[in-house]
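no FASTA, just this:
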């Protein structure tokens, strides 16, 4: 199964005083890529208002800086693991030539919004995630 | 040896549509805490213009959300390891009552700015870091 | 009557690729200064949840850049005018020496949150604003 | 002559605790639209490194909020006036249906980067701007 791809339009304000995309911005891009993937599952917004997705863990390895002559960067992401009440996302930051700029990982937990307590991942979401799970070959 | 502490003044814009400090903002706070610690080493800015500090790895575990009634959050940080051309920082996000909101870790590499290549940590910086290394007891 | 003052802790990420505080960030600082002033009126949060304050107009004149050796900037602000369903704020950005970096102005409208329609400024807020109205002499 | 258009990909982080695009973000979008227009003039980057463009004045009227179901917003902009050492931009924020969300105006000054002093707009830039000047009819 192919990964989901989200291409980020870079903003002038993403670049910091060192004239590279600031290390913090990558997490904004991951956030938007996640929103894109969850939207692509087809799970209705009304369901997300009941069972929210909170970030429990974020990590990234920066491999190469993104310079000011780049106008976009693509985030490839996929569901790396699905457990009872949490799931894990893998990410790669790539350009059109396939160069990898960073690799990242997030653990999300599903939360019953009304009580703000962790809840088992709903079955329809669990099923939908299988479409974004990388498989060998 | 006590850790370095940097208290962040929260901004209204740090809070997202879920009315918590957004997960991305924590990395901004870590960045400012690092700038504070490096400044506290007494290493002159002129030296930092020659040997820069780049983020190689960032990771965080979110423990509890920061709500809109909080006006500040304190980042405790310390030098967790020093190697040839890289060093590792540990962080805890705490409030005045000592509650821990997140724990984080960053690996920094030292870079010769002129050539943008990794370079051994300068000896004066290495010495200064010993003042921010947590010790038992 | 003296103006209200809000001192902003600058962040490394406020500085852009030109190594000045980016022109956009000033509006973040104005937002936080406003939140501070409205909080200082003593109007309870529960009332703000009923009658919200929306920005209708924002403007600024940049006078001098804020450089990377500055760690904070103070926003002086005051209520410049109060009308039926809107009020106007004046701002000056100053440092400890009194140098002015920018002058700005915002028009806010009061909105009944439930219907998202403009509503007359509540009387208690109108009274409280008189404490932040600049007067001559 | 038609205006220049820059379509902004909205980010989840652009939305604030009121679940609208935050008032500050509009200035980020104007900044990126300007970068796009200046790039479209064909003026080489090397020239911009010699003569920079600094924001002297920014203003905006917010007309309607941008809600969370919108994934992009288009900024139409044009050169509204060209003087000796400054120029003025006009902007409209519109969606695909032509609804106007905000109108804005910026005054830019041209600055000799080496001395950080205001300098006359270079003739090639002045000529290029004529392609982005709105004309009647």
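Noted; the coordinates are in hand. Bear in mind the structure is a predicted one, so any value in this text is a computation, not a measurement.

My read is that residue A:89 contacts residue A:77, right?
Yes. Using C-beta atoms under 8 Å, residue A:89 and residue A:77 qualify as a contacting pair, with a distance of 5.5 Å. Backbone N, C-alpha and C define where each C-beta goes, glycine included.

Pull up the overlap in contacts between those two.
By C-beta atoms under 8 Å, 6 or more residues apart in numbering or on different chains, residue A:89 and residue A:77 have these common neighbours: A:30, A:34, A:37.

Now do the SS call for the closest residue to residue A:20 other than its chain neighbours.
Across the structure, with C-beta to C-beta, 6 or more residues apart in numbering or on different chains as the measure, the residue nearest residue A:20 apart from its sequence neighbours is residue A:65 (4.0 Å). For residue A:65, the secondary-structure state derived from DSSP: H, G, I helix; E, B strand; the rest coil is coil.

which other helices and strands contact the top helix by length along chain A?
Ranked by residue count and defined by DSSP state H, the top helix of chain A is helix A:25-40. Contacting helix A:25-40 under the criterion 3 or more C-beta pairs under 8 Å, 6 or more residues apart in numbering or on different chains; DSSP states H and E are the following elements: strand A:4-9, strand A:51-62, strand A:72-82, strand A:86-94, strand A:100-112.

swap the cut-off to 6 Å and go again
strand A:4-9, strand A:72-82 (3 or more C-beta pairs under 6 Å, 6 or more residues apart in numbering or on different chains; DSSP states H and E).

returning to that earlier point: could you measure from the residue nearest to residue A:20 over to residue C:39?
Plainly put, residue A:65 is 40 Å away from residue C:39 if you go by C-beta to C-beta, to the nearest Å.

Ok, residue A:3 next?
Using C-beta to C-beta, residue A:3 is found at 46 Å from residue C:39.

These two: who's more crowded?
Residue environment comparison for residue A:3 versus residue C:39 gives the larger neighbour count to residue A:3, 16 against 13, counting by other C-beta atoms under 10 Å in any protein chain shown.

hmm, back to that, for the residue nearest to residue A:20, give me the pLDDT.
Here the pLDDT value assigned to residue A:65 is 95.

Then residue A:49?
The model reports residue A:49 with a pLDDT of 87.

Could you find the closest non-adjacent residue to it?
Of all residues not flanking residue A:49 in the chain, residue A:113 sits nearest, at 6.5 Å (C-beta to C-beta, 6+ apart).

What is the neighbour count of that neighbour?
Residue A:113 is surrounded by 14 other residues when neighbours are defined as other C-beta under 10 Å.

Pretty sure residue A:48 is one of the things it touches, is it not?
No. Residue A:113 lies out of contact with residue A:48 (C-beta atoms under 6 Å); the separation is 8.7 Å.

Neighbours of the closest residue to residue A:91 other than its chain neighbours, how many?
In space, residue A:91 comes closest to residue A:104 once its chain neighbours are excluded; the distance is 4.1 Å by C-beta to C-beta, 6+ apart. Applying other C-beta under 10 Å, we find 23 other residues in the vicinity of residue A:104.

same thing with the one 3 residues further on?
Other residues near residue A:107 number 19, with proximity taken as other C-beta under 10 Å.

low pLDDT regions in chain A?
Low-confidence segments of chain A, defined by pLDDT under 70: A:1-2, A:136-137.

Look at the residue nearest to residue A:20 and say how many residues are nearby.
Counted with other C-beta under 10 Å, residues neighbouring residue A:65 total 15.

I'd like to know how far it sits from chain D.
When C-beta to the nearest C-beta, to the nearest Å is the yardstick, residue A:65 and chain D sit 18 Å from each other.

Contacts for stretch A:81-101 next, please.
When contacts are taken as C-beta atoms under 6 Å, 6 or more residues apart in numbering or on different chains, the neighbours of stretch A:81-101 outside the stretch itself are A:30, A:63-64, A:66, A:73-78, A:80, A:102-110, A:118, A:120, A:129.
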